[in-house]
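Peer 1: heads up, no residue letters with this:
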């Protein structure tokens, strides 16, 4: 069965498939809806927006609002568990985590996250709302297969060891949003995205406003492996020492793509075909689909490269203001 690519944009959803190596749009839905995020689990597709969640049970042909229990409508990120197909998480602005155990049909809020948000004064530098949850990472193996990590801007890293039912701060994240301080072995609190390696629930990598951080002990201690401003990182599922990162010199300033083969000890340019560094944009997200690595840029463009080929190519240039992608095989 051909892979379908679901593309969330500020003007709705596009569906594309690949033919002879090229991606072609085959459908469009949710026209004029300003989407923020997208997730796919089996035949269910979920699209997040500033006004709630849309759900399709027929691979994007028809859609219904799915906001039962979603007390905060502004959804910043949706993620589906790779193992438990009915488990879906939604991160919101203001910061909140909603859990669905019925593939996105209904949602339950976790009150502990709200208490941490309010007690620590989480915030956003560009919004009056109190922080946001903008990324999740599901552990697939290792000591705690039910572990999930969450990225909070500006607040730090949260962790759940029971498939999202309860949440607490990771041991190396104190929840304090102050950014200009000595961190020691703690993570920078301005966390934009997070990933956990498939080989171990303890190997975590997070992109932050203060650098690319890595923990090998489940978030108890962190090391800044690339001091920069960064929103996105891809970690090779075969080799956790192999990373592709989207650093910048500041918010959307001199964005570029760089690569490390030694766990972040050394980096080299990996921007072939991109005309980088870009003066006013950067990588917003990375996503791997089969043997292809995609980069969603903050200017709404989508680029990709084969894992075996360093050359990047523009994908679907006719689509503007792309925010996120997800694939269904």
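Peer 2: Thanks, I have the structure now. These figures come from a predicted structure and were not determined experimentally.

Peer 1: Give me the mean pLDDT for the helix or strand where residue 247 lies.
Peer 2: Residue 247 belongs to strand 243-248 when assigned by DSSP states H and E. Averaging pLDDT along strand 243-248 yields 98.

Peer 1: Partner strands of that strand and their direction?
Peer 2: strand 229-235 (antiparallel), strand 258-260 (antiparallel) (DSSP bridges).

Peer 1: Who does the residue most central in space within the chain form a beta bridge with?
Peer 2: With distances taken as C-alpha atoms, centre = their mean, residue 135 lies nearest the centre of the chain, 4.3 Å away. Residue 135 has the following beta-bridge partners by DSSP bridges: residue 151.

Peer 1: Could you pull out the helices in the stretch 51-200 of the chain for me?
Peer 2: With DSSP state H, counting those that start in this stretch as the criterion, the stretch 51-200 of the chain has helices at 111-120.

Peer 1: Point me to the helix or strand that includes residue 205.
Peer 2: For residue 205, the element it lies in under DSSP H and E is strand 204-208.

Peer 1: Leaving out sequence neighbours, find the closest residue to residue 197.
Peer 2: With sequence-adjacent residues excluded and distances taken as C-beta to C-beta, 6 or more residues apart in numbering, residue 197 is closest to residue 203, at 4.0 Å. Bear in mind the C-beta positions are built from the backbone N, C-alpha and C, glycine included.

Peer 1: residue ranges with poor pLDDT in the stretch 201-329 of the chain?
Peer 2: Low-confidence segments of the stretch 201-329 of the chain (pLDDT under 70): 329.

Peer 1: if we can go back for a sec, need the strands paired with strand 243-248 in a markdown table (columns: distance to residue 166).
Peer 2: Shown next, in a markdown table, are these (distance: least, C-beta to C-beta, whole Å):
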| stretch | distance to residue 166 |
| --- | --- |
| strand 229-235 | 26 |
| strand 258-260 | 34 |
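
Peer 1: Which one of those strands lies nearest to residue 275?
Peer 2: Among these, the nearest to residue 275 by C-beta to C-beta is strand 258-260 (15.1 Å).

Peer 1: tell me what the helix or strand following that closest one is packed against?
Peer 2: Going down the chain from strand 258-260, the next helix or strand is strand 268-269, by DSSP H and E. Counting contacts by 3 or more C-beta pairs under 8 Å, 6 or more residues apart in numbering; DSSP states H and E, strand 268-269 packs against strand 258-260.

Peer 1: Name the residues of the strand holding residue 205 that come out as buried.
Peer 2: 204, 205, 206, 207, 208 (16 or more other C-beta atoms under 10 Å).
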